[in-house]
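*Asks:* Please find the sequence and the predicted model below.
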Amino acid sequence: MPPTDASTDAGTAPETGPGADPCPGPGTDSEDTLELRLPEELMALLGGAPEPARPGGPDGPTGSVGPTGSTGRTGPSGSTGAAGGSAATGAAGATGAGAGATGATGAAAAVGSGGPVGSVGPVGPVGPVGTAGGDLLDGVAEWGPTETPVGAFQLVPVRVERDLPLVTRWMNDPAVAAFWELAGAESVTEEHLRRQTDGDGRSVPCLGLLEGTPMSYWEIYRADLDQLARHYPARPHDTGVHLLIGGVAHRGHGLGSALLRAVADLVLDRRPACARVVAEPDLRNIPSVSAFLSGGFRFSAEVELPGKRAALMVRDRALRDLL
């Protein structure tokens, strides 16, 4: 999985299938907290110590999920890839922004939700998933634009042939590379993108267009079908997000928080079966964690993923009007 990772969201756990229901029911979102060992900076940010993990509880033990499986592609947490294309054109033909990455409200070096650091592979063969037309993410391409406090925003699925130069440029920004670890030739980014675009649809890489201009890269993925689910009590249709802000001009103005809230709410609006949006930013990325908190996510747990220690951030459908 990418560095939130989406780098949460941005490792994963055994996936839950349509027939399995590991969720305990409403009102139990507070049960998914694991034992935490947080850095002092993050403790100060959160304003107190998190609750210790409950070994059993309604959600079951950590990583306990029903069978689901996945096809031979890596999960979005750092292993998926999206399509890319012209560095100059965005998903809507708009000129792309410069390099860089951060989904946080502050530092330019912060990556919003995840990147390949800590990414893991798929969890087994995919079975039927109860979504319309067999689309695992309910047609991200058809979600359309949404109004945000910072302007009209839209997720547009990446096309490698068109968007690869732009995404590659962003991945080679030192601030982005520190967390996504995809710096290098176009072939490096292309491989990451095509793992997603050539997969079964459990992860969809997108350009984020603000007022028609591509300025961010996103991965929307099925967290319950990703190996991240092995590291937290996943529920069916949990949806993960990974984010990086591409242009320096778009960083440090609160855009990360505003867009994280908007995209999380878009997921909940367009995916009725999804009760939670999750992310796993690197614990070292304090601005990113801060952006998620300001964007309506709650800190749930500290999780050990391949390549990073992450903060599990959750936006709950039941709490969306309160946070």
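*Replies:* The structure has been received and is ready for your questions. Residues are numbered from 1 along each chain as shown.
*Asks:* Please make it C-alpha for all contacts and neighbour counts, starting now.
*Replies:* Will do.
*Asks:* Can you list the low-confidence ranges for the stretch 101-250 of the chain?
*Replies:* The model of the stretch 101-250 of the chain has pLDDT under 70 over residues 101-134.
*Asks:* at 90 what do you get?
*Replies:* Applying pLDDT under 90 to the stretch 101-250 of the chain picks out residues 101-134, 247-250.
*Asks:* Helices of that one, residue ranges please.
*Replies:* All helices of the stretch 101-250 of the chain, identified by DSSP state H, counting those that start in this stretch, fall at 160-171, 174-180, 186-197.
*Asks:* JSON lines please, covering the ones you listed and showing mean neighbour count and distance to residue 143.
*Replies:* Formatted as JSON lines, the helices of the stretch 101-250 of the chain follow (neighbours: other Cα atoms under 10 Å; distance: least, Cα to Cα, whole Å):
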{"stretch": "helix 160-171", "mean neighbour count": "24", "distance to residue 143": "20"}
{"stretch": "helix 174-180", "mean neighbour count": "24", "distance to residue 143": "26"}
{"stretch": "helix 186-197", "mean neighbour count": "21", "distance to residue 143": "18"}
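*Asks:* Which parts of the chain are strands?
*Replies:* Ranges of strands within the chain are 146-148, 151-157, 203-210, 213-222, 239-245, 276-279, 298-305, 308-316, based on DSSP state E.
*Asks:* If you count contacts, what does the fifth one end up packed against?
*Replies:* What it means is strand 239-245. Where contact means 3 or more Cα pairs under 8 Å, 6 or more residues apart in numbering; DSSP states H and E, strand 239-245 is packed against strand 213-222, strand 276-279.
*Asks:* Just the C-alphas of the lengthiest helix in the chain, formatted as CSV.
*Replies:* If you go by DSSP state H, the chain has its longest helix at helix 255-270. Extracted in CSV, the C-alpha atoms of helix 255-270 (Å, rounded to 0.1, in the frame of the first residue of the first chain):
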residue,chain,number,x,y,z
LEU,A,255,-6.5,22.1,0.8
GLY,A,256,-5.5,18.7,2.1
SER,A,257,-8.0,18.7,4.9
ALA,A,258,-10.8,20.2,2.8
LEU,A,259,-10.3,17.6,0.0
LEU,A,260,-9.9,14.7,2.4
ARG,A,261,-13.3,15.5,3.9
ALA,A,262,-14.9,16.0,0.5
VAL,A,263,-13.6,12.8,-0.9
ALA,A,264,-14.4,10.7,2.2
ASP,A,265,-18.0,12.1,2.1
LEU,A,266,-18.1,11.4,-1.7
VAL,A,267,-17.2,7.8,-1.0
LEU,A,268,-19.9,7.5,1.6
ASP,A,269,-22.5,9.1,-0.6
ARG,A,270,-21.6,7.0,-3.7
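*Asks:* hang on, the earlier thing: out of the helices and strands packed on strand 239-245, which is closest to residue 195?
*Replies:* Proximity to residue 195 (Cα to Cα) singles out strand 213-222 among these, at 12.0 Å.
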